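[1] Based on what follows, work out the 3D shape:
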Amino acid sequence: MKADASAQLRLLDLQAIDARVDQLRHQRSHLPELAEIATLAASRGEVEGQRIDHQIVVDDLTVAQAKADADVEQVKARRSRDRERIDMGMVTSPKDLEHLQHELTSLERRISVLEDEELEVMEQLESAQAAVAELEQKLAAHDERIAELSSVRDQRFAEIDRELESAIADRAPAVADIPEALLALYERLRASKGGVGAAELRARQCGGCRLTLDNAELASIRGRAADDVVRCEECTRILVRTAESGL
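    As a prediction, the model looks like this:
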């Protein structure tokens, strides 16, 4: 392939622009804030799962406490009615009175048992509520940190996007005077060679693969016409000759 030497030199300008664009895009997708946000989001999901599990326990215990309260109140109401009957002299039969007194004794024991159960449920509920509160604090801390990182991320995105926009705008004039065939070759090589399609031959070294050319290869290049498009024998990238090539 042949191309004017000046067009080949412009490939180096284009390569520098493309390298900058690639660098900015890589930087945008690998911001440290992105990794930390992802880690925090995963951690938050785990904490939220724990909070939901503990909230279910709280809900169940709330129902259990309501039932325990109702059971205690029901037995106390029965005790109050029995005492009222005795105090008002509504029970005159000694046998019935004795039976009622036995029932009061039984109700007192029942109330004691129910109040112990009620207290146990209350303690369990308080513990479960404290666990939910602690997890909610963790969620709030996660959300606060994610918001901070998101703000920094968005600021960095805006800065990088401005640089990208500028670099991409510089690309149009850079390709304007490069022959279509040479540009197509450059693009193919860029796609298959890690983003580097053209490299300067500088001080006898390929700027793409960083290998020093041997004397035979240098002699061959030295004998080529200025408009010949030279390729590195090692990496096959376009080698652009300059005054610094060492030929």
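[2] Could you use CA atoms for every contact and neighbour count after this?
    Noted.
[3] domain ranges for the chain?
    Using automatic domain parsing, the domain parsing of the chain gives 5-25+179-241, 31-172.
[4] distance between the first one and the chain's centre?
    So that's domain 5-25+179-241. 39 Å (Cα atoms, centre = their mean, to the nearest Å).
[5] measure it end to end?
    Domain 5-25+179-241 has an end-to-end distance of 8 Å (criterion: Cα to Cα, to the nearest Å).
[6] Make 22 the first number, not 1, from now on.
    With 22 as the first residue, the last one maps to domain 26-46+200-262.
[7] quick one on the thing from earlier: which one of the domains of the chain lies closest to residue 268?
    Each of the domains of the chain has some distance to residue 268 by Cα to Cα; the shortest is domain 26-46+200-262, at 6.0 Å.
[8] picking up where we left off before, of the domains of the chain, flag the one that's most buried.
    Highest mean neighbour count of the domains of the chain: domain 26-46+200-262, a mean of 17 (counted as mean count of other Cα atoms under 10 Å).
[9] Grab the longest helix from the chain for me.
    helix 115-196 (DSSP state H).
[10] helices or strands next to that one in the packing?
    helix 26-50, helix 53-108 (3 or more Cα pairs under 8 Å, 6 or more residues apart in numbering; DSSP states H and E).
[11] how much distance is there from the last one to the middle of the chain?
    In other words, helix 53-108. 32 Å.
[12] what residues are up against residue 142?
    For residue 142, the contacting residues are 82, 85-86, by Cα atoms under 8 Å, 6 or more residues apart in numbering.
[13] For my notes, confirm residue 256 occurs in a strand.
    No. Under DSSP: H, G, I helix; E, B strand; the rest coil, residue 256 sits outside any strand and is assigned coil.
[14] Kindly reformat the domains of the chain as JSON lines containing distance to residue 268.
    Output for the domains of the chain, formatted as JSON lines (distance: least, Cα to Cα, whole Å):
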{"stretch": "domain 26-46+200-262", "distance to residue 268": "6"}
{"stretch": "domain 52-193", "distance to residue 268": "30"}
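[15] mind putting these in JSON lines, mean pLDDT included?
    Formatted as JSON lines, the domains of the chain follow (pLDDT from 0 to 100):
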{"stretch": "domain 26-46+200-262", "mean pLDDT": "94"}
{"stretch": "domain 52-193", "mean pLDDT": "93"}
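[16] quick one: residue 91 and residue 220, what's the gap?
    From residue 91 to residue 220 the distance is 85 Å (Cα to Cα).
[17] Check residue 268 too.
    Per Cα to Cα, residue 268 is found 16 Å from residue 220.
[18] From the contacts of residue 142, pick the one nearest residue 190.
    residue 82 (64.5 Å).
[19] which one is the closest one nearest to, not counting chain neighbours?
    With sequence-adjacent residues excluded and distances taken as Cα to Cα, 6 or more residues apart in numbering, residue 82 is closest to residue 146, at 5.7 Å.
[20] can you check residue 89 too?
    Residue 89's closest residue in space is residue 139 (Cα to Cα, 6+ apart), at 5.3 Å.
[21] how about that neighbour, what does it touch?
    Residue 139 neighbours (Cα under 8 Å, 6+ apart): 86, 89-90.
[22] Please apply the same query to residue 170.
    54, 57-58.
[23] how close does it get to residue 28?
    45 Å.
[24] one step back: what about the residue nearest to residue 89, distance to residue 125?
    20 Å.
[25] And residue 217, by the same measure?
    For residue 217, the distance to residue 125 - Cα to Cα - is 95 Å.
[26] do residue 143 as well
    For residue 143, the distance to residue 125 - Cα to Cα - is 26 Å.
[27] Grab the most central residue of this structure for me.
    residue 59 (1.3 Å; Cα atoms, centre = their mean).
[28] how much space between it and residue 77?
    27 Å.
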